[in-house]
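Chemist: The sequence and its predicted three-dimensional model are supplied below.
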Amino acid sequence: MNTFVYRLTQLHQRLDEQIRAETKRRAPDTLNLLRLKRLRLRVKDRLHAMSRRPQPA
């Protein structure tokens with residue numbers, strides 16, 4: 001696994017944690033949740049695109 005993929009994976013996990021923490025709050029900030037979820041989706045799409053790309057030999 002290259003460094004960039006590892007960092008994206010770590011970012012995805014941190015975003016998951018932030019989303020979980022925000023949803024557990026008494027009054028979750030819906031705009032912040034939406035922003036976090038969109039960012040998490042962008043990271044996930046980037047990881048998926050990188051996994052489909054042919055690897056250099």
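Modeler: Done, it's in. Treat the numbers as computed from the prediction; the structure is a model and nothing was measured. Residues are numbered from 1 along each chain as shown.
Chemist: Okay, buried residues for stretch 39-57 please.
Modeler: 40, 43, 47 (16 or more other CB atoms under 10 Å). (Glycine included, C-beta is placed from N, CA and C.)
Chemist: Ok, stretch 3-10 next?
Modeler: In stretch 3-10, counting by 16+ other CB under 10 Å, buried: residue 8.
Chemist: contact partners of that stretch?
Modeler: Outside stretch 3-10, the residues within contact range by CB atoms under 8 Å, 6 or more residues apart in numbering are 1, 43, 46, 47, 50.
Chemist: Sketch out the low-pLDDT regions of this protein for me.
Modeler: 1, 55-57 (pLDDT under 70).
Chemist: So residue 26, which state does it fall into?
Modeler: coil (DSSP: H, G, I helix; E, B strand; the rest coil).
Chemist: Give me the distance between it and residue 42.
Modeler: 28 Å (CB to CB, to the nearest Å).
Chemist: Then residue 32?
Modeler: 16 Å.
Chemist: what's the answer for residue 4, then?
Modeler: Relative to residue 42, and taking CB to CB, residue 4 is found at 15 Å.
Chemist: ok, now residue 18?
Modeler: From residue 18 to residue 42 the distance is 14 Å (CB to CB).
Chemist: repeat for residue 48
Modeler: Relative to residue 42, and taking CB to CB, residue 48 is found at 11 Å.
Chemist: Repeat that for residue 13.
Modeler: 15 Å.
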